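Undergrad: give me a 3D structure for the following:
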Amino acid sequence: MAPVTSRSHLSVLRGFVALAAAVLYFSGAAAEARVLLTLDDFGAVGDGVANDTQAFLDAWTAACGSEEQTVLAVPAAKAYRIWPLQLTGPCKKKLKLLIAGTIVAPTSPDEWAGRDPMKWLYIYGVDNLSVSGGGTIDGAGQEWWARSCKRKKTQPCNTRPPPRAVHFEECSGVSVQGLTLQNGPQFHLSFTRCTGVRANFLRVVAPADSPNTDGIHLNDTTHVQIMDNLISTGDDCVSMVGNCSDIRVRDISCGPGHGISIGSLGKNRTTDRVENVRVDTCLLTNTTNGVRIKSWQGGMGFAHDLRFESIVMKNVSNPIIIDQYYCDQPTPCANQTEAVEVRKVEFVDVRGTSATAQAIKIACSDTVPCRELELRNVNLTLEGGGAASASCYKAFGKAVGTVVPASCLARHDS
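TA: I've put the predicted structure just below:
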């Protein structure tokens, strides 16, 4: 069965007019009318049990088709049970989705029968959308995790990726701010082929053992700001793959989880390009990795111009890691000569404690070594006291200032 699709814009707009939604006006000479709609105007129940999917879709269709700027509100103190839903643009005017209440997914994976199993709240082709309101998006992922082969070690188990909770594709000028996203079946908030993205002031939470529940995930996305977020999940707090550039990640509390990752890149011999990424002023606590670049053997492309600065680690395994031999599969990966090139990467003012003996681990390709790496003012010691170590292979660059443990970077190709 296909995803829920919209009724005609005309019929829904007639319904909107009949419901006499309020029209709000800004003050000032250049003021422009704004329309306020709520899910309840379109028949939503909001008791956490009833299926409010069609009401949400009808409300979206009216808001997106409005000739005036529109605020679509999910009312506070109510829970709206929403089945897999596609919200499609382009919209005629700027649109604000104000989530004050709770949007919650069905609890059983069986509800996705006949639907795209990788989508729950899917937003496609929408520009200039603002999502805010202080409410909650609950992916109800518990049964998905229980059936995953990463957690369930006996057959039958689910090998297919679960749905992403909130997924934007082919969008520009999107802002998601001030919400709680929790218990996603897979990624909580993801962007594919988007530009001009802001994801700020978010709380993203899932159990530490929930598989593949990345907090914020970017794929082929550019001009991104991710700031002032608390992310505590079972996978990467922030991850980026494909072709991503001009990314700013700042003021993040991360943990538990798998840290902040660029990659994995180059899987299945793909060509990925990631450049101009800045990650700074982040606190990582009890994560299985710190700041990480990971790529598969056989991949192509590059990861260039990356800077990790002002990072504090508390009981973090592998605080600094570059791994060009990443292999996340049950059987060993074949040795291959091609590799994603890693060049011009800086680790600046990184300090704290390591849960592993090796605080710095840089393993690069024989044929495509890592070059122009820099460790500047790094101070990483073992959790509980003692000296940590550093390990490098085919890694070239320089150390500046005080670097603890002592730098293992080679200065020149040999």
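
Undergrad: contacts only, for Gly89.
TA: Gly89 is in contact with Cys64, Ile123, Tyr124, Gly125, Val126, Asp127, Leu129, Cys171, counting by CB atoms under 8 Å, 6 or more residues apart in numbering. No exception for glycine: its C-beta is placed from N, CA and C like everyone else's.

Undergrad: turn these into CSV, including distance to Asp58.
TA: What follows is these, written out as CSV (distance: CB to CB, whole Å):
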residue, distance to Asp58
Cys64, 11
Ile123, 16
Tyr124, 18
Gly125, 19
Val126, 17
Asp127, 21
Leu129, 18
Cys171, 21
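
Undergrad: need the residues you listed in TSV with neighbour count, can you?
TA: Below are the contacts of Gly89 laid out as TSV (neighbours: other CB atoms under 10 Å):
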residue	neighbour count
Cys64	22
Ile123	24
Tyr124	15
Gly125	14
Val126	23
Asp127	17
Leu129	22
Cys171	23
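
Undergrad: backbone phi and psi for Phe308, please?
TA: phi -110, psi 120 (degrees, to the nearest 10).

Undergrad: show me the residue at the heart of this structure, geometrically.
TA: What sits nearest the mean C-alpha location of the chain, by CA atoms, centre = their mean, is Ile216, with 1.5 Å.

Undergrad: return the residues in contact with Asp328.
TA: Counting by CB under 8 Å, 6+ apart, Asp328 makes contact with Ser264.

Undergrad: that one: what secondary structure?
TA: Put simply, Asp328 is coil when judged by DSSP: H, G, I helix; E, B strand; the rest coil.

Undergrad: measure it to Gly263 for me?
TA: Distance of Asp328 to Gly263, computed by CB to CB, to the nearest Å: 10 Å.

Undergrad: can you check Val368 too?
TA: On the measure of CB to CB, Val368 and Gly263 end up 15 Å apart.

Undergrad: between these two, point out the one with more neighbours.
TA: Gly263 (25 against 20; other CB atoms under 10 Å).

Undergrad: surely the more buried one and Ser295 touch.
TA: Yes: using CB atoms under 8 Å, Gly263 is in contact with Ser295, at 5.5 Å.

Undergrad: tell me, what's touching the two both at once?
TA: Taking CB under 8 Å, 6+ apart as the contact rule, Gly263 and Ser295 both touch Asp272, Ala303, Tyr326.

Undergrad: ok so the second one is a helix residue?
TA: No: residue state for Ala303 (three-state DSSP) corresponds to strand; a helix is not indicated.

Undergrad: check contacts around it.
TA: 262-263, 265, 272, 274-275, 293, 295, 340-343, 345.

Undergrad: any idea what it is bridged to?
TA: Beta-bridge pairing of Ala303 under DSSP bridges involves Val274, Val342.

Undergrad: do you know how far the residue nearest to the centre of the chain is from Thr402?
TA: Distance, Ile216 to Thr402, by CB to CB: 33 Å.

Undergrad: tell me which helix or strand comes right after the longest helix that the chain contains.
TA: Criterion DSSP state H: the longest helix present in the chain is helix 53-64. Counting by DSSP states H and E, the next helix or strand C-terminal to helix 53-64 is strand 69-74.

Undergrad: got the angle between that next one and helix 53-64?
TA: Strand 69-74 and helix 53-64 are oriented at 160 degrees to each other (axes from the mean of the first three to the mean of the last three CA atoms, to 10 degrees).

Undergrad: check which helices and strands strand 69-74 sits against.
TA: Using 3 or more CB pairs under 8 Å, 6 or more residues apart in numbering; DSSP states H and E, the elements in contact with strand 69-74 are strand 33-38, helix 53-64, strand 95-99.

Undergrad: hey, least reliable of those by pLDDT?
TA: The stretch with the lowest mean pLDDT among these is strand 33-38, at a mean of 88.

Undergrad: who are the packing partners of it?
TA: Looks like strand 33-38 contacts strand 23-25, helix 53-64, strand 69-74 (3+ CB pairs under 8 Å, 6+ apart).

Undergrad: relative to strand 95-99, how tilted is it?
TA: Angle, strand 33-38 to strand 95-99, by the same axes, to 10 degrees: 30 degrees.

Undergrad: just the endpoints, please. Distance across stretch 118-128?
TA: The stretch stretch 118-128 measures 24 Å between its terminal residues, going by CA to CA, to the nearest Å.

Undergrad: now do the SS call for Ile322.
TA: Following three-state DSSP, we place Ile322 in the strand state.

Undergrad: ok, now Trp145?
TA: helix.

Undergrad: how much space between it and Pro207?
TA: Taken as CB to CB, the span from Trp145 to Pro207 is 8 Å.

Undergrad: kindly report the same for Pro117.
TA: The spacing between Pro117 and Pro207, counted by CB to CB, is 21 Å.

Undergrad: which of these two has more neighbours?
TA: Using other CB under 10 Å, the more surrounded residue of Pro117 and Pro207 is Pro117, with 18 against 15.

Undergrad: where does this protein have low pLDDT?
TA: Low-confidence segments of the chain, defined by pLDDT under 70, are located at 1-33, 413-414.

Undergrad: for it, just list every one of the helices.
TA: With helices called from DSSP H, the chain shows them at 9-18, 53-64, 142-147.

Undergrad: no further questions, thank you.
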